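[1] Let's see this in three dimensions:
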Amino acid sequence: MAECDWGCGIPEEFHDEIFEKYFKIDNLSSSQVPGTGLGLSICRKIVTQHNGTIGFRSKSGEGSTFHFSIPVAGA
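    Model prediction:
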């Protein structure tokens, strides 16, 4: 499963932190984007509890693609 956007993207210097609890890129700028910074950490927890993987590709100014996979039961 993958989800793409054409937003501002995630600067490379934040790629290692993006799945951490409470991490928000807008904490570091004047942006007023609402949110708690919990969404991606919750997604990672759910996916890993199902023996899956989660990741993303992003380029600042060009958007992001988040992807995950979960094994099929009995496969």
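[2] Tell me which residues of stretch 41-56 come out buried.
    For stretch 41-56, a neighbour-count test (16 or more other Cβ atoms under 10 Å) marks 41, 44, 47, 54, 56 as buried. The C-beta positions use only the backbone N, C-alpha and C, and glycine is treated the same way.
[3] tell me which of those is nearest to residue 17?
    residue 41 (10.4 Å; Cβ to Cβ).
[4] which one is the closest one nearest to, not counting chain neighbours?
    Residue nearest to residue 41 in three dimensions, not counting chain neighbours: residue 21, with 4.5 Å by Cβ to Cβ, 6 or more residues apart in numbering.
[5] Can you tell me the SS state at that neighbour?
    coil (DSSP: H, G, I helix; E, B strand; the rest coil).
[6] Isn't it up against residue 43?
    No. Applying Cβ atoms under 8 Å, one finds residue 21 not in contact with residue 43, separated by 11.8 Å.
[7] mind listing the helices for the protein?
    Here the chain has its helices, by DSSP state H, at 39-49.
[8] quick revisit: mind checking how far the residue nearest to residue 41 is from residue 11?
    Applying Cβ to Cβ, to the nearest Å, the value for residue 21 to residue 11 is 20 Å.
[9] can you check residue 58 too?
    Residue 58 is 8 Å from residue 11, where distance means Cβ to Cβ.
[10] who's more crowded, these two?
    residue 58 (20 against 13; other Cβ atoms under 10 Å).
[11] how close does that one sit to residue 22?
    19 Å.
[12] re earlier: which among the buried residues of stretch 41-56 gets closest to residue 5?
    Residue 5 lies nearest to residue 56 out of the buried residues of stretch 41-56, by Cβ to Cβ, at 10.6 Å.
[13] in terms of contact, does the closest one touch residue 65 like I think?
    Yes. Taking Cβ under 8 Å as the definition, residue 56 is a contact partner of residue 65 at 6.3 Å.
[14] Counting neighbours, which bits of stretch 56-69 end up buried?
    56, 58, 64, 66, 68.
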